[in-house]
Structures are given as structure tokens and as C-alpha cells.
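> Got a sequence here, can you build the structure:
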Amino acid sequence: MNPRDLTKDGGEVGSVVTARRIVLATFGSLGDLHPFIALAKELQARGHVPVIATSAYHRERIERQGIEFYPVRPDLLDVETKPEFFRELMDRKKGSENVIRQVFMPSLRESYDDLRQAVQGADLLVSHMIAFAGPIVAETTGIPWISAVLSPISLLSKHDPSVPPQAPWLRHLRSLGPRFHGSLHGLARLTLRKWTEPVQHLRQELGLPAGADPLFEGGTSPTCMLVFFSKVLGEPQPDWPSQAVQTGFAFFDDVQATGMTAELKQFLSAGPPPIVFTLGSSAVMDAGTFYERSRAAAEQLDRRAVFLIGIDPRNLPREPLPESMLALEYAPYSELFPRASAIVHQGGVGTTAQALRAGRPMLVVPWAHDQPDNAYRVCRLGVARTLTRDRYTVRRAATALRHLLDEPTHITRASEVGRIVRAEEGAASACLAIERALAVR
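Numbers count the residues shown, from 1 in each chain. Okay, the predicted model is just below:
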């Protein structure tokens, strides 16, 4: 039976479900926001009252869906107005540290105060791993709490080792086994714990005992942890928390407000499926020569192309594009990707999920964070190739795309994986897990 057809008690739709007010706390890019919008819409459909608590930057996008919004600092608009800051946030070696230390930690006390207000009168808090105030608010208020992760690297399994952005060469050592990777993870934890020292300072200020590492056990609810990615990207592992519930991807695309333009629809209908080049909603602010080289690669292959270049004027084409190419700020992936011949992207988990669902082969050019790991995983899956950012040249991009487009193996495998991902009901499965967690209280 489809999870959508079940109530919290495991009964079929039609049983009485008590409406609950559920606060969903998240931060980050659209890849971090969209799964929570998908979850909120599904909760609404099941009679609950969701509230998304996040940066004011996302207010309009959330309220447009008829979902209640509550502002929680930091306001990411402060980051969006400083494109040069993205170079630090998307740095391969230091990007994740910069995001945590320069964006989230300085505003931790404000985040705590805002989120504490947001949960007043609520029945449950569901928080993204990087909503660092979430576990503390749950502890000080006593509100039931569920944690959530969006990508495999967040679980840091020694049985299925991730590829850290600081040392992508570690993918060659996967065969050394759990004992080696367990020791390696122990060393990594010592370094990472320094990033979140302000969390322990805030706990002390609030009179709470020292807590576990907020990037690991301290950020994991003992009741339930939602794992918002597909098994095709990462199977459950023996060292995952026992309360982990793998739901699959939770998809949302703001098609109603940002659907495909008439220009794009006409372009797609005028010829063969194009290659789509995109850098998501964050790396696009630090694109460098990506679009210039992508255009040259498409021309070398004599392929039609669509470039999603975002709002940064530095990404605009330097010369007029031929009729076989089109550049746009944005287009909904759920509508565009299925009509592509191949997708070239940065490897963010949201973009990766949409590419997998579309069933199209992909070339992944990771910038930072979870992206190198996601790139490795889709290559392992047989649906992609990858080039590091510094190796993304016209020649190499054209060669990789030629393999993806001319070899039926990648195309067939991508189609098979797409069918698997499209059959998943991530948001509905998450709702069922939430309702079961509420029912046992």
C-alpha cells in the first residue's frame, strides 16, 4: 500500500487523524528548502498545520504555497547580496567550515530565540541537521523532536564511506574497510567539533550540560531521524542510528510560479533534446568559466543546449547565442530535466535527485560540501561521469558528454534508476513516520 494511503495508526485514509501543528526548521539553498516544502504540503493534505521556520529570504516562496512561515535568523539575504562571499562558501576545502563558522554560528543565539518563539503552541519540531538551534530548543522546551538529513555524507558511515570535499582522493581507499574508515572518521570528528564550539557555549549559557557533537549524535533525535534520500544513492548501513527512517527523496518544484516560459517550451519543441547545464542555486553564484566552457563543449559536439545561469550578471553570455542554445535565469527541473538529453550539474543533492528522477545521464562537476560524494555515488550507480571543477575544460567536458550520449549503457541505466526514484513517495513516507512518532507519545 502507498504510504500516502495510511494514517498515523497504520489505517487507511478515512480514519480520523488529529490535526497537529508541526514546525519544520531548515536553512540553506533551494535543495535544503524544497524537501521541507514537499513535506509541509503533504502534512497539509493529511490535515496537519505545518509551519516552515527558516531565513526570511525564503518567505515569499513558502507563503506562495499557502504554508505558514516563521522567520528565523540568520537572514540569508545578507549572503545573497554579497556574491563575492559565495567564493568562500563554495570553496572545495573550506566551504563547509566557512558556512558553519561564518554564517550559522555567529547567529546561533538569535536562531535559538527565534525558533523557541516559533515552536510555541506546536506539537512537534522537525529540524534539518544544519538548524543547529533545533536540538537545543527541543531540550529547553520539551517539545517532541525529529531530526532530518538530506544526503548520505551526513550519516558518515564507515561501511559505506563518503567522499569528503577536502580529500576526494579518499574514494580510492574505500576497499580498506570499516576498521580503517572508522578510525579515519574519529580523526575527522576531532577537527569538525571545533566548527561548532559556539553550540556548547550556548548550552552552558542556558544551564544545559555539555552535549554530544551537534554534527553527529547531538544533532540526531533519539525518537526518529528522517533520511530524505533514495536507496539508489545510499542503502541503509549497520552503523546508521536505529531510529533512522529512509523515506526517499521528497520532491517539490514551484512550477505554478516559475514554470517553463513560452520561450523555453518553443525551444524544446523546435529540435532534439538539449544538454542542460545548471549549477543549482548556490554554486551558480560562483560559476567562474563554467558556462563559457559549457557553451564551447556543446558547440564542439554540435548539440543543442540550455543554460540555467541564475541572477548573477557575470554568467550572461559574452556573445549572442546561436538558435541552438538558450540561456535562462531558472526553469523548474521537474519539467525541464525529463526533456534533456543529458544534464551537467554541480552535484547538490536537490539537483542530483531531480536528475535521477528524470532518468537522464549526467555529468557532475562538484564544487563543495556533499557534492563530491554525491558525484561519486551517481557514478557508482552507472548513470553519470564526473569531472572536478579544475579539470572541467572544453575538451574533457565534450569527451565525457560524448561517452554519456553515445554509449547506451548510461542511458539505459539512467532510465532504470529514474523509474525507481519516481516510484518513491518520500514526503508521504516521512508523514507516516511523523504520525507514528506522535502516536506513541
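
> how long is stretch 99-117 end to end?
24 Å (Cα to Cα, to the nearest Å).

> correction: stretch 147-157
First residue to last in stretch 147-157 (Cα to Cα) measures 17 Å.

> heads up, I number from 658, so please use that
Happy to do that; since the first residue is 658 now, the last one works out to stretch 804-814.

> all strands for the stretch 808-957 of the chain, in order.
Taking DSSP state E, counting those that start in this stretch, the strands of the stretch 808-957 of the chain run over residues 882-884, 901-903, 932-935.

> what distance separates the first one from the centre of its chain?
I take that to be strand 882-884. 14 Å (Cα atoms, centre = their mean, to the nearest Å).

> Please point out which parts of that strand sit buried.
882, 883, 884 (16 or more other Cβ atoms under 10 Å). (C-beta placed from N, C-alpha, C; glycine too.)

> OK, contacts around the residue lying closest to the second one once chain neighbours are set aside?
The shortest distance from residue 883 to any non-neighbouring residue, by Cβ to Cβ, 6 or more residues apart in numbering, is to residue 805 (4.2 Å). Contacts were defined as Cβ atoms under 8 Å, 6 or more residues apart in numbering; by that measure residue 805 touches 692, 783, 784, 785, 786, 882, 883, 884, 885.

> Kindly indicate which of the buried residues of strand 882-884 lies nearest residue 866.
Among those, residue 882 lies closest to residue 866 (Cβ to Cβ), at 21.8 Å.

> and that closest one, how far is that from residue 904?
10 Å (Cβ to Cβ, to the nearest Å).

> For stretch 710-719, output the C-alpha coordinates as CSV.
Taking Å, rounded to 0.1, in the frame of the first residue of the first chain, the C-alpha atoms of stretch 710-719 are listed here in CSV:
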residue,chain,number,x,y,z
ALA,A,710,10.8,28.2,10.2
THR,A,711,13.8,29.5,8.2
SER,A,712,15.5,32.5,6.8
ALA,A,713,13.3,35.5,5.8
TYR,A,714,14.9,35.1,2.3
HIS,A,715,12.6,32.2,1.6
ARG,A,716,9.4,33.8,2.9
GLU,A,717,7.7,34.6,-0.4
ARG,A,718,8.5,31.1,-1.8
ILE,A,719,6.9,29.4,1.2
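
> Which residues does it contact?
680-684, 690, 693-694, 697, 709, 726-734, 737, 771-772, 775, 788, 911.

> Take these and keep only those in helices.
Using DSSP state H, the members of the contacts of stretch 710-719 that fall within helices are 690, 693, 694, 697, 734, 737, 771, 772, 775.

> out of the residues you listed, which are buried?
Buried among those (16+ other Cβ under 10 Å): 690, 693, 694, 697, 737, 771, 772, 775.

> pLDDT check: weakest of those residues?
Of all those, residue 737 carries the smallest pLDDT score, 60.

> thinking again about what came up before, and of the strands of the stretch 808-957 of the chain, who's closest to residue 961?
Nearest of those to residue 961, taken as Cβ to Cβ: strand 932-935 at 7.2 Å.

> between the ones in helices among the contacts of stretch 710-719, which is nearest residue 1030?
Scanning the ones in helices among the contacts of stretch 710-719 for proximity to residue 1030, where the rule is Cβ to Cβ, the winner is residue 690, at 20.5 Å.

> Now the closest one: closest residue in space, sequence neighbours ignored.
That would be residue 715: by Cβ to Cβ, 6+ apart, it lies 5.6 Å from residue 690.

> Quick one: neighbours of that neighbour, just the number.
24 (other Cβ atoms under 10 Å).

> did I read that right, it in a helix?
Yes - Residue 715: assigned to a helix according to DSSP: H, G, I helix; E, B strand; the rest coil.

> mind checking how far it is from residue 697?
For residue 715, the distance to residue 697 - Cβ to Cβ - is 12 Å.

> Now for the two: what residues contact both?
residue 709.

> quick one: low-confidence parts of this structure?
Confidence mapping of the chain against pLDDT under 70 gives the ranges 658-674, 735-740, 914, 1097-1098.

> Next, work out how far apart residue 851 and residue 948 are.
36 Å.

> if you count what's nearby, which of the two comes out ahead?
residue 948 (24 against 9).

> That one touches residue 969, doesn't it?
No - between residue 948 and residue 969 there is no contact under Cβ atoms under 8 Å: 10.1 Å.

> ok, residue 963 - contacts?
So residue 963 contacts 921, 924, 931-934, 982-985, 988, 993, 997 (Cβ under 8 Å, 6+ apart).

> change it to 10 Å
Shown in contact with residue 963 (Cβ atoms under 10 Å, 6 or more residues apart in numbering): 921, 924-925, 930-935, 955, 982-985, 988, 993, 996-997, 1000.
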